[in-house]
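Q: How does the following fold in three dimensions:
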Amino acid sequence: MNARHHQSHQHLLAHVDSAKAPSATLDAIIVPNGRPAAYLKEAISAAKLLDAHLVLLCSMRANAGSAALAAKRAGVRVTAIDIDLLPDGVVPDFATDDILRRSRFHRPVDTSLKRNLGLLMASLAGWKRILFLDDDIILPDPGDLRAAAGLLDAHSVVGLANSGMPDNSVVCHALRDVGVRQDVFIGGGALVVGEAAFSSFFPNIYNEDWFFLLDGLRLRPSAVTGTAWQYDYDPYNDPRRARGEELGDTLAEGVFGLLDNGLGLAHADERYWTEFLPERRRIISTTIERVLASDIEPAQRARMVAALKASIGRSHLITPDLCVRYLRAWQDDCVRWRKHLRDLRRDHRGRLGIDGALTTLESVAGSRRSVPA
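A: Prediction:
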């Protein structure tokens, strides 16, 4: 079944020159904000230029009050929420979380929660076109967002091409650093999403944005245009990064490898993963050998090897059965998410606007503190 790592999945996307794309407006820009307000410059500028509502979902080093004040001073319509103050129940419980919660594969991060909350807000507010924008992304030409929004008439999601630090896993960074061609794909860092894709959700796993692009069975119509630039970071700084990525990277690369071959989720059975997992480990072990034999600076070489050993160590805990169970749970979660959306829309018909959306979510899960414009 050709169960191997693919260097690129770009052929799955429609590639459109932003200068030749139709133009449309964005209703909102949603930022999963984890950094201080100074990092919101790009999002605030884009929201002002496009007259889009700015939604800031804050945690870690971000503060909703400071974030909202920075946007208001720029004359931007803004809603900022401290995620830590959210009660349970705003976003439904997922079976995929249950599988990983008490295992070494659990990831204590809130990016998926923030993006799912953004989808709920957009759906209830009556928004049709939104942008997910991370706070470590630079937009060389914010006008590219109009092109991406215009392409939503023919595509469910449109990503901006990453021309900065490649948004790859530790394993893929290492492959590139030893001379193997390794492409990047579109991702949630700069992703324009149409209403048709609100029925997708982001599971709490590495490469959650790749899973969002799927409808439960296959890839939604997806395109890439324009340019985004991601801040530099050191992928080898902490081996825990590699451990935390391994399950999500394995599942996503395995699933998208099937898509590359014209197959679908139905082929992701135990037999497939029994072939794919040893090949994944062979790639990592071979990369370790190539790093050790390279002329990479010794300290950097040691960090790379430590990270790759962390990846392959975690990989040995991944079984074909776990892969199958996770994907089945994810498909169940896709149904659960769509039902959650339908129930909210059924109980609160019409375009509620952002204030109505917030009120509705409060009624679903109790009171919550926010900082609206």
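
Q: Just list the residues touching Val180, thanks.
A: By Cβ atoms under 8 Å, 6 or more residues apart in numbering, Val180 lies in contact with Gln7, Thr287. Quick note: C-beta positions are derived from backbone N, CA and C, even for glycine.

Q: Would you agree Glu253 is in contact with Ser8?
A: No - contact between Glu253 and Ser8 fails when scored by Cβ atoms under 8 Å: they sit 11.4 Å apart.

Q: So for these two, which sits in the more crowded spot?
A: Glu253 (23 against 12; other Cβ atoms under 10 Å).

Q: Name the nearest residue to that one, sequence neighbours excluded.
A: In space, and not counting its chain neighbours, Glu253 is closest to His5: 5.9 Å by Cβ to Cβ, 6 or more residues apart in numbering.

Q: okay, now Gly75: neighbour count?
A: Neighbours of Gly75 using other Cβ under 10 Å come to 10.

Q: which SS class is the closest residue to it other than its chain neighbours?
A: Nearest residue to Gly75, sequence neighbours excluded (Cβ to Cβ, 6+ apart): Lys48, at 6.3 Å. Here Lys48 is helix, with the state taken from DSSP: H, G, I helix; E, B strand; the rest coil.

Q: Isn't Lys48 up against Val78?
A: No - in this structure, Lys48 is not within contact of Val78 by Cβ under 8 Å, at 10.5 Å.

Q: one step back: what is the neighbour count of the residue nearest to Glu253?
A: Counted by other Cβ under 10 Å, the residues lying close to His5 total 20.

Q: same deal with the one 10 residues further on?
A: Using other Cβ under 10 Å, His15 is surrounded by 10 other residues.

Q: Equivalent analysis for Gln7, please.
A: 13.

Q: got a list of what the residue nearest to Glu253 touches?
A: Contacts for His5 (Cβ under 8 Å, 6+ apart) come out as Glu253, Gly257, Glu279, Arg280, Ile283.

Q: Selecting buried members of these in ChimeraX, what would you type?
A: To isolate the buried members of those in ChimeraX, using 16 or more other Cβ atoms under 10 Å:
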select :253,257,280,283
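
Q: among the contacts of His5, which two are most distant?
A: The distance between the two most remote of the contacts of His5 (Cβ to Cβ) is 12.1 Å, for Gly257 and Ile283.

Q: counting residues per helix, which one in the protein is longest?
A: helix 320-347 (DSSP state H).

Q: any idea where the strands of the stretch 151-300 of the chain begin and end?
A: With DSSP state E, counting those that start in this stretch applied, the stretch 151-300 of the chain shows strands at 157-162, 190-194, 222-230, listed in chain order.

Q: Contacts for the longest one, please.
A: Which is strand 222-230. In contact with strand 222-230 (Cβ under 8 Å, 6+ apart) are residues 10, 12-18, 21, 134, 136-141, 144-145, 147-148, 151, 154-167, 186, 189-190, 213.
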